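>>> could you look at this predicted model? Sequence included:
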Amino acid sequence: MAKKQTDRDGMVYLVSLPRRAVTLYVPLGVFLFVLLFPFYWMAITSFKPDSELLSHTGNPFWVIQPTFAHFKKLLFGTPYPDWMLNTVIASVVATFVSLVASVFAAYAIERLRFQGAKQVGLAVFLAYLVPPSILFIPLAAIVFKLGLFDTRWALILTYPTFLIPFCTWLLMGYFRSIPYELEECALIDGATRWQILVKIILPLAVPGLISAGIFAFTLSWNEFIYALTFVSSSEVKTVPVGVITELVEGDVYHWGALMAGALLGSLPVAILYSFFVEHYVSGMTGAVKE
């Protein structure tokens, strides 16, 4: 009887392994291929010399004679370091300002229980759905009147217009998952709303803050329309705008430098996700709870 049970367990293993391969390994492999192939293509294009890039007989998926000429041209022949610095400053400052404003807005909407709180939350979410292609026209008039055109401040002050609604909506979902009993006990003990927010809510909402911060940083890092509209000088441009406008001359595309700029521009966001992936996942899980 024990031998039959052992044989049966072995057959289950033989049956489950192909099934596991079809249901898990093959879809996972396809997903990884689709996800990582663009980065692989950027990398090999960045290291290919122009002779291989323009060749019709070479292998398009491999580099025969790698070169750093494109990176040299990008870093020393263009204002790319300035673009990177502008992108970092605008993204970090705009993300910080947006998180501060979103914390107060989300806490007020979800925890103070005032009349019309749900409608305000819905209005915040609808504000996030307004496309930037509509908002940049009135924002451009404001930027010109304030004398901020062609400065970093033009980006720092306009990015929160789409970051604050998104961060507020995300933090509302996470604040909703924190038990109200903790806040009620603190109120009974004489704590103020500010003390509750700083000492109770924010420490419990760290994963949600990290998730909102990562998303806000990513959105501002990749933003294109505002940066293209409000900035014209080469030394004030951001990476997405600078790479497209400075490395494309008419119908001539400098593919090596373009891919090198895209590859270097994607590394900070990838590193940020890799450092905070655990908090990011838990924050997103809490944000979608009802």
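Sure thing, it's come through. Residues are numbered from 1 along each chain as shown.
>>> quick one, strands of this structure?
For the chain, applying DSSP state E gives strands covering 248-249, 252-253.
>>> centre of the chain to the first one, how far?
Put plainly, it is strand 248-249. Centre-to-centre, strand 248-249 and its host chain are 27 Å apart (CA atoms, centre = their mean, to the nearest Å).
>>> what about stretch 40-56, distance to the chain center?
Offset of stretch 40-56 from its chain centre (CA atoms, centre = their mean): 28 Å.
>>> name the residues of it that come out as buried.
For stretch 40-56, the neighbour count (16 or more other CB atoms under 10 Å) marks 42, 44-49, 52 as buried. All C-beta spots, glycine's among them, are computed from the backbone N, C-alpha and C.
>>> now for those residues: which two are most distant?
42 and 49 (15.9 Å; CB to CB).
>>> which residues of this protein score low on pLDDT?
Residues of the chain meeting the criterion pLDDT under 70: 1-18, 277-290.
>>> hmm, back to that, can I get the strands of the chain in JSON lines with mean neighbour count?
Shown next, in JSON lines, are the strands of the chain (neighbours: other CB atoms under 10 Å):
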{"stretch": "strand 248-249", "mean neighbour count": "12"}
{"stretch": "strand 252-253", "mean neighbour count": "10"}
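>>> adding distance to residue 80 as columns, could you present the ones you listed in TSV?
Converted to TSV, these look like this (distance: least, CB to CB, whole Å):
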stretch	distance to residue 80
strand 248-249	14
strand 252-253	16
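>>> to residue 36, which of those lies closest?
strand 252-253 (23.4 Å).
>>> parallel or antiparallel, which strands does the closest one pair with?
Strand 252-253 has its sheet partners listed here by DSSP bridges as strand 248-249 (antiparallel).
>>> ok, and the closest non-adjacent residue to residue 217?
residue 95 (4.7 Å; CB to CB, 6 or more residues apart in numbering).
>>> quick one: contacts for that neighbour?
The contact partners of residue 95, by CB atoms under 8 Å, 6 or more residues apart in numbering, come to 163, 213, 216-217, 220.
>>> please redo it, this time with the cut-off set to 10 Å
Residues in contact with residue 95 (CB atoms under 10 Å, 6 or more residues apart in numbering) are 159-160, 163, 167, 212-221.
>>> how about these, which pair is most distant?
For the contacts of residue 95, the farthest-apart pair by CB to CB is 160 and 214; their separation is 16.1 Å.
>>> rewinding a little: ok, the residue nearest to residue 217 to residue 24 distance?
Taking CB to CB, to the nearest Å as the measure, residue 95 falls 36 Å from residue 24.
>>> what about the helices in the stretch 101-250 of the chain?
Here the stretch 101-250 of the chain has its helices, by DSSP state H, counting those that start in this stretch, at 117-129, 132-146, 152-158, 160-176, 180-188, 193-196, 202-204, 206-222, 225-230, 239-246.
>>> touching, residue 243 and residue 266? I think so.
No. The pair residue 243 / residue 266 is not scored as a contact, 11.1 Å apart, by CB atoms under 10 Å.
>>> and those two? Which one has more around it.
Per other CB atoms under 10 Å, whichever of residue 243 and residue 266 has more neighbours is residue 243, with 24 against 16.
>>> apart from its neighbours in sequence, what residue is nearest the more buried one?
Nearest non-adjacent residue to residue 243, counting by CB to CB, 6+ apart: residue 261, 4.0 Å away.
>>> swap in residue 155?
residue 90 (4.3 Å).
>>> so that neighbour sits against residue 98, correct?
No. Taking contacts as CB under 10 Å, residue 90 lies outside contact range of residue 98: 11.8 Å.
>>> mutual contacts of the two, please.
Shared contacts of residue 90 and residue 98, counting by CB under 10 Å, 6+ apart, come down to 159, 220.
>>> so what's the residue count around residue 141?
Residues within reach of residue 141, counting by other CB under 10 Å, total 9.
>>> please name the nearest non-neighbouring residue to the residue nearest the centre of the chain.
Closest residue to the average C-alpha location of the chain: residue 218 at 2.4 Å, with CA atoms, centre = their mean. Using CB to CB, 6+ apart and skipping residues adjacent in sequence, the residue nearest residue 218 is residue 269, 5.6 Å away.
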